[in-house]
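A.B. asks: Here is a sequence with its predicted model. Questions after.
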Amino acid sequence: MEKPTDKQIENLLTQNIVSIKDFPYEIIIKSIFNKKVKKFDTDKNKICLNRMAQAMKDICKKSESIRKSRRNEVGNAMENIVILALNRYKLSAEKPKTSKGKNKTTGYPDIKIKTSDTPIYLEVKTYEKKNYQTSFRSFYFSPSKDPKIDAFHLLVGFEIIEKDNNFIPVAFELLDLYGLKCDLKYEFNSNNRRLYNKKHILIRGDKNCFKGMRL
């Protein structure tokens, strides 16, 4: 086989760098994991839905303060709070297991709820009221080797207010991810080890190396 030319490589990359918009979430899960996302039936699952709602309501009613230095750490703290609240209402909630049988610490989904019928995956998100209807990216996931199952896929979003690095959940919305429209954008990336490799560096300096020089 002949070695591909630079032009052939360029054409190949150009053809494959595309954006996909408004792709149904359940089809994505089926394609990646070969698992079925089931539409949540509120009538058949009324008891479970009510228990979940009460658990989320209790979290907001308690107004438990979460002290974090960064906003993006609040969601991680909320996961454990949600698990405890769900279990208080006799919903068997836990961190999903990895392919090695350990509890997941990061990645989608955040929580697995065991039921006698169809299990539930629950993602936990937070938002501020001013960002409620923005178009910024807020929900995302990537392919992984962690096992998935046929399940309901839900999401709970908590409205958070901040007071001096204290974050307080004051309202919630429980959503069904079935039918959610998602976008895909290919991305090239690198890391600091490769980026700051000495073969790329043209000049290195600090605040002292220019002392006495007129620039």
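C.D. replies: Looks like it came in fine. Values in this document were obtained by computation on a predicted structure and should not be read as measured data. Residues are numbered from 1 along each chain as shown.
A.B. asks: In the protein, what helix or strand scores lowest on average pLDDT?
C.D. replies: Least confident helix or strand of the chain, by mean pLDDT, DSSP states H and E, is helix 6-16 with a mean of 60.
A.B. asks: What residues of the lengthiest helix in the chain count as buried?
C.D. replies: Ordering each helix of the chain by length in residues (DSSP state H) puts helix 46-62 first. Within helix 46-62, the residues that count as buried by 16 or more other CB atoms under 10 Å are 48, 49, 51, 52, 54, 55, 56, 59. Backbone N, C-alpha and C define where each C-beta goes, glycine included.
A.B. asks: ok, now stretch 124-133?
C.D. replies: 124, 125, 126, 127.
A.B. asks: Rounded mean pLDDT for it, please.
C.D. replies: For stretch 124-133, the mean per-residue pLDDT is 86.
A.B. asks: now the helices for this structure?
C.D. replies: Going by DSSP H, the chain shows helices at 6-16, 25-33, 46-62, 74-88, 192-195.
A.B. asks: if we compare those, which one ends up closest to residue 135?
C.D. replies: Closest approach to residue 135 among those (CB to CB): helix 25-33, 17.4 Å.
A.B. asks: which secondary structure elements does that closest one contact?
C.D. replies: strand 37-38, strand 151-163, strand 181-185 (3 or more CB pairs under 8 Å, 6 or more residues apart in numbering; DSSP states H and E).
A.B. asks: Residue 86: which of the ones you listed is closest?
C.D. replies: strand 151-163 (9.9 Å).
A.B. asks: tell me the angle of the closest one relative to helix 74-88?
C.D. replies: 120 degrees (axes from the mean of the first three to the mean of the last three CA atoms, to 10 degrees).
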